[in-house]
Each structure stands twice: as C-alpha cells, then as structure tokens.
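*Asks:* Got a predicted structure here, sequence first:
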Amino acid sequence: MLTLTLFSVSHKQPSWVNDAFQEYAKRLPARELKFEFKEIKPEPREGKTIAHAMALEAARINAALPKSAHTIALDERGVDLTSVGLAKQLHIWQTQHSHVALIIGGADGLTAEFKAQCDGLIRLSSLTLPHGMVRVLLAEQVYRAHAININHPYHRA
C-alpha cells in the first residue's frame, strides 16, 4: 500500500478547497492508495529576509516528513508530466515505495538546498497557481492517474 501525503506551506484555505481535495482522495481505494494532506505553517516575513523565512519553512517541512518518505517537490523547473506520465510515475511509486511526500513550498517557493535533497521535482503547470488550486488540481490528477492505471473510463485518451 502507498501513502501519498501532500505537504503545503500555506495558510488555511477556503472550505471548498478542502472539500474538493477530500472528494478526490476518498475516491481512491484505501487498501491500495491513501492520499492525505498536511498543512505547514508559513513563516511570518516581518523582520526576516525572504531567504531566512524560506529556510525556516524548509526546516518545518523536514520536521514533518516521515523519515522513509520518497520526496517530490512541486517546482516550475521540475519534470513536466502528462496525465499518462503521472500514471506511470504513480505505478512506480506504488511498486517501489510505501510513502511518497509531495511538497508545495510557501509563497516564495522552496530553497535550492531543500529541492536538491528531494528525490525528484515535478512541474504541475506553466501557470502560477494559488496554493488551494494546486491542492485541488493535484488531487484530481492523482485520481486520474489511478483511473488510467486501472483502465477506468474516467480518463478518456
């Protein structure tokens, strides 16, 4: 069984964001694939440089990550996957890992050091998206990837 955990450095989102994430997460077969969400408190920027605040956020993420998790950061310079490509990646994760952590940085992103320690980088879009939309879009795409892998008609190629 694979546990996917989405970590996001963000403030509390509107209820529709949480509802949409939970809707897609509950569609996944819990015996095979559990998808959960963990919010990481952003560092206040007052009296700190952006670099210092980002370093403190990276430390919070590291403290929250399970030690054995395979880590994937969402980053604009990451691998640009199609839905079918994400399905293939999901299959690899399911066969090789028990826990995968998907990580969304704060308002200023993730430090270069943090991204370098991750096992991979994925690009979700060329657009700049708000945290809530990324959470919903990623949940839908994980569900779509699972549907592709089981030949469910949700995804129409």
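*Replies:* Perfect, thanks for sending it. Numbering: from 1, shown residues only.

*Asks:* Okay, strands next: where are they in this protein?
*Replies:* Assigned by DSSP state E, the strands in the chain fall at 2-9, 33-40, 70-80, 99-104, 120-123.

*Asks:* so what secondary structure elements neighbour the fourth one?
*Replies:* For strand 99-104, the packing partners by 3 or more C-beta pairs under 8 Å, 6 or more residues apart in numbering; DSSP states H and E come out as strand 2-9, strand 70-80, helix 131-149. For every residue, glycine as well, the C-beta is placed using N, CA and C.

*Asks:* residues making contact with it?
*Replies:* Among residues not part of strand 99-104, those counted as contacts by C-beta atoms under 8 Å, 6 or more residues apart in numbering are 2-10, 61, 65-66, 68-74, 93, 110, 118, 122, 131, 134-135, 138.

*Asks:* pLDDT on stretch 7-14, on average?
*Replies:* The average pLDDT for stretch 7-14 rounds to 94.

*Asks:* Now that stretch: buried residues?
*Replies:* Under the neighbour-count criterion of 16 or more other C-beta atoms under 10 Å, stretch 7-14 has 7, 8, 9, 10, 13 buried.

*Asks:* For these, give me JSON lines that also has distance to residue 103.
*Replies:* Conversion of the buried residues of stretch 7-14 to JSON lines gives the following (distance: C-beta to C-beta, whole Å):
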{"residue": "7", "distance to residue 103": "5"}
{"residue": "8", "distance to residue 103": "8"}
{"residue": "9", "distance to residue 103": "8"}
{"residue": "10", "distance to residue 103": "12"}
{"residue": "13", "distance to residue 103": "16"}
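
*Asks:* Quote the end-to-end distance of stretch 113-129.
*Replies:* One end of stretch 113-129 sits 23 Å from the other (C-alpha to C-alpha, to the nearest Å).
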